[in-house]
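Colleague: Task: produce atomic coordinates for the following.
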Amino acid sequence: MSIYVGNLSYDVTQEDLNEVFTEYGEVKRVHIPTDRETGRMRGFAFVEMTSDSQEETAIETLDGAEWMGRTLKVNKARERENRRGGSFNGGGRGNARY
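Modeller: I've put the predicted structure just below:
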């Protein structure tokens with residue numbers, strides 16, 4: 001499982017998130033997505049921990065908590081949606097002719 005952490009300060013670092021989540025167990029990975037054009041972080045991150053119970057405790061405790069001047073949105077991350085669309089091979093129309 002992976003944890004979604006939203007409404008983050010743009011100044012947050014991987015070390016900051018690691019420090020906060022380590023209070024609830026062992027952190028396996030922290031990923032902070034950045035904008036392709038600007039390189040600036042996008043205001044959210046993903047955290048993976050070593051057990052589901054540790055992740056559940058972190059979610060329950062940190063969702064709605066204030067940190068670095070922001071109210072955190074913390075929940076179970078959803079699978080990434082397929083963003084293909086608008087092309088001849090994507091977009092859900094298959095190989096239909098029109």
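Colleague: Pull the distance from stretch 18-31 to the chain's centre.
Modeller: 13 Å (Cα atoms, centre = their mean, to the nearest Å).
Colleague: any weak-confidence spans in the protein?
Modeller: The chain contains residues with pLDDT under 70 at 83-98.
Colleague: Show me the longest helix that occurs in it.
Modeller: Criterion DSSP state H: the longest helix present in the chain is helix 52-62.
Colleague: now for it, which elements pack on it?
Modeller: Based on contacts counted as 3 or more Cβ pairs under 8 Å, 6 or more residues apart in numbering; DSSP states H and E, the elements that helix 52-62 packs against are strand 3-6, strand 44-49, strand 73-76. C-beta coordinates here come from the backbone N, C-alpha and C atoms, glycine included.
Colleague: For it, output the C-alpha coordinates as CSV.
Modeller: Extracted in CSV, the C-alpha atoms of helix 52-62 (Å, rounded to 0.1, in the frame of the first residue of the first chain):
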residue,chain,number,x,y,z
ASP,A,52,-0.2,-1.9,6.4
SER,A,53,-0.9,-1.4,10.2
GLN,A,54,1.8,1.3,10.3
GLU,A,55,0.3,3.1,7.3
GLU,A,56,-3.2,2.9,8.8
THR,A,57,-2.0,4.5,12.0
ALA,A,58,-0.2,7.2,10.2
ILE,A,59,-3.3,8.0,8.0
GLU,A,60,-5.6,8.1,11.0
THR,A,61,-3.2,10.3,13.0
LEU,A,62,-2.1,12.7,10.3
